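**Student:** Sequence and predicted structure below; questions after.
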Amino acid sequence: MYRILLAEDDNVMREYLTRALERSGYAVSAVDRGTAAIPLLETESFDLLLTDIVMPEMDGIELAQRAGEMAPDMRVMFITGFAAVTLKAGKAVPHARVLSKPFHLRDLVLEIDRLFESETVPTHN
């Protein structure tokens, strides 16, 4: 089972996404800001960081950059309602995917499914 770390400051959206992803077979740990994600990244292993870009304290781009240093094999997907930050995210974290709000839950799950299907997980010898 793939593990997802979700960072989303909007309570309703966070709960909505968590439920949808868990129903789709993913294990989800959800936090309400980037700074709350860092301790989890230090103690747990995740396959995907799913993060809003615009959040208080630490934005999703900075979180993704920190996460990349801590867990270089972890995939990153940004969700955002601000078109202007999409370009900034793409430049800052070029391997990340970006999904613009509003989106259908079905589209989010399909995009995450595709992310895991298209990228092979490194094997450790």
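**Tutor:** Noted; the coordinates are in hand.
**Student:** okay, and the helix or strand of the chain with the least pLDDT?
**Tutor:** helix 83-92 (a mean of 74; mean pLDDT, DSSP states H and E).
**Student:** which residue ranges form the helices in this structure?
**Tutor:** Remark: helices assigned in the chain by DSSP state H are 11-23, 34-43, 60-70, 83-92, 105-118.
**Student:** Contact partners for the most centrally placed residue in the chain?
**Tutor:** Nearest to the mean C-alpha position of the chain, counting by Cα atoms, centre = their mean, stands residue 50 at 1.0 Å. Residue 50 makes contact with 4, 5, 6, 7, 8, 17, 21, 77, 79, 112, according to Cβ atoms under 8 Å, 6 or more residues apart in numbering. The C-beta positions use only the backbone N, C-alpha and C, and glycine is treated the same way.
**Student:** Any chance of CSV for these, columns pLDDT and distance to residue 40?
**Tutor:** Formatted as CSV, the contacts of residue 50 follow (pLDDT from 0 to 100; distance: Cβ to Cβ, whole Å):
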residue, pLDDT, distance to residue 40
4, 98, 11
5, 98, 6
6, 98, 10
7, 97, 9
8, 96, 14
17, 95, 16
21, 97, 16
77, 95, 17
79, 91, 18
112, 94, 18
